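A.B. asks: no sequence for this one, just the structure:
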């Protein structure tokens with residue numbers, strides 16, 4: 001019997017705190033790309049209904065899929081149930097594995113940490129076997145790839161919860177000073193708003209940074225310093241070839257990654273150079289492409305040759 005994933009293609013789903021991206025691929029067919037936002041209210045039932053509608057739309061417009069990989073920022077237990085997800089608290093206790101089987105009864109499915117998948121996708125795109133990845137968005141995801149494999153093997157690398165300031169802001173995990181509490185997109189915007197004395201949206205921050213406004217420059221610099229501290233610490237522990245910084249928030253701010261690189265270079269020590277810092281080749285799509293590769297790994301279909309990412 002032919003492999004259904006070869007016939008129907010594979011689907012990657014990148015689940016975020018505010019939006020979801022889907023990408024379906026099949027040999028000889030244009031890829032299907034779609035992004036939608038979760039409904040307001042952070043209700044798991046409404047979220048799953050929205051995802052089901054998008055899956056139905058995919059089948060109608062593009063066709064069925066034989067394998068599905070899902071990139072998740074939430075913590076899940078070995079049985080596939082969500083244990084914690086501060087970004088969508090109502091998902092706690094959700095049988096995610098069961099929900100995916102219901103959505104895709106005829107497809108093989110797998111779930112993995114979004115940071116781990118992003119790291120694998122970026123390492124492959126960069127042609128590197130030893131990489132640390134930090135994804136800056138609604139939260140901060142991350143992953144470690146050593147000798148071409150995701151590390152650690154039994155759990156995700158929680159880079160966003162590395163403590164960089166013991167007396168720092170309270171993280172949504174309940175602890176103070178996590179990298180995420182200092183350098184995530186929302187944390188940076190809150191700091192900019194405090195400096196400006198008025199609400200700051202992403203476009204405001206980008207424009208303020210371009211115009212050299214102190215409230216924008218200082219807010220972004222604090223985030224870049226925290227990210228640099230994390231990169232230097234990971235470099236001391238793991239000695240990776242490169243550190244890759246990605247995520248939608250980082251990708252959308254010109255000069256953000258070079259500033260992290262500058263702060264990392266200044267923190268090196270004699271005899272132990274800090275890792276080189278590179279921008280993510282896939283921009284804000286690292287986790288999505290990792291999810292596609294996760295789906296492809298459920299089949300015996302060969303990996304496609306690396307392609308230029310869609311902006």
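C.D. replies: Structure's in. What do you need? From a predicted model like this one, the values you see are computed outputs, not experimental measurements.

A.B. asks: helices or strands next to the helix or strand where residue 111 lies in the packing?
C.D. replies: Assigned by DSSP states H and E, residue 111 belongs to strand 108-113. For strand 108-113, the elements it packs on are strand 67-72, helix 96-103, helix 286-296, judged by 3 or more Cβ pairs under 8 Å, 6 or more residues apart in numbering; DSSP states H and E. Bear in mind the C-beta positions are built from the backbone N, C-alpha and C, glycine included.

A.B. asks: mind redoing it with 6 Å?
C.D. replies: In terms of contacts (3 or more Cβ pairs under 6 Å, 6 or more residues apart in numbering; DSSP states H and E), strand 108-113 is packed against strand 67-72.

A.B. asks: In stretch 13-25, which residues are buried?
C.D. replies: By neighbour count on 16 or more other Cβ atoms under 10 Å, the buried set for stretch 13-25 is 13, 14, 15, 16, 17, 20, 21, 22, 23, 24, 25.

A.B. asks: ok, the residues you listed vs residue 213, which is closest?
C.D. replies: residue 17 (27.2 Å; Cβ to Cβ).

A.B. asks: Tell me how far residue 176 lies from residue 86.
C.D. replies: From residue 176 over to residue 86 the distance is 15 Å, taken as Cβ to Cβ, to the nearest Å.

A.B. asks: Show me how far stretch 94-111 is from its chain's centre.
C.D. replies: 21 Å (Cα atoms, centre = their mean, to the nearest Å).

A.B. asks: Between strand 67-72 and the helix or strand hosting residue 11, find me the angle.
C.D. replies: For residue 11, the host element (DSSP H and E) is strand 10-15. Here strand 10-15 runs at an angle of 20 degrees relative to strand 67-72 (axes from the mean of the first three to the mean of the last three Cα atoms, to 10 degrees).

A.B. asks: tell me what strand 10-15 is packed against?
C.D. replies: Helices and strands touching strand 10-15, by 3+ Cβ pairs under 6 Å, 6+ apart, are strand 19-26, strand 67-72, helix 286-296.

A.B. asks: if we can go back for a sec, relative to helix 96-103, how tilted is the strand holding residue 111?
C.D. replies: Going by the same axes, to 10 degrees, strand 108-113 makes 140 degrees with helix 96-103.

A.B. asks: Tell me which strands strand 108-113 pairs with, and in which orientation.
C.D. replies: On the basis of DSSP bridges, the sheet neighbours of strand 108-113 come out as strand 67-72 (parallel).

A.B. asks: After the strand it pairs with, which helix or strand is next?
C.D. replies: Following strand 67-72 in sequence order, the next helix or strand is strand 75-76 (DSSP H and E).
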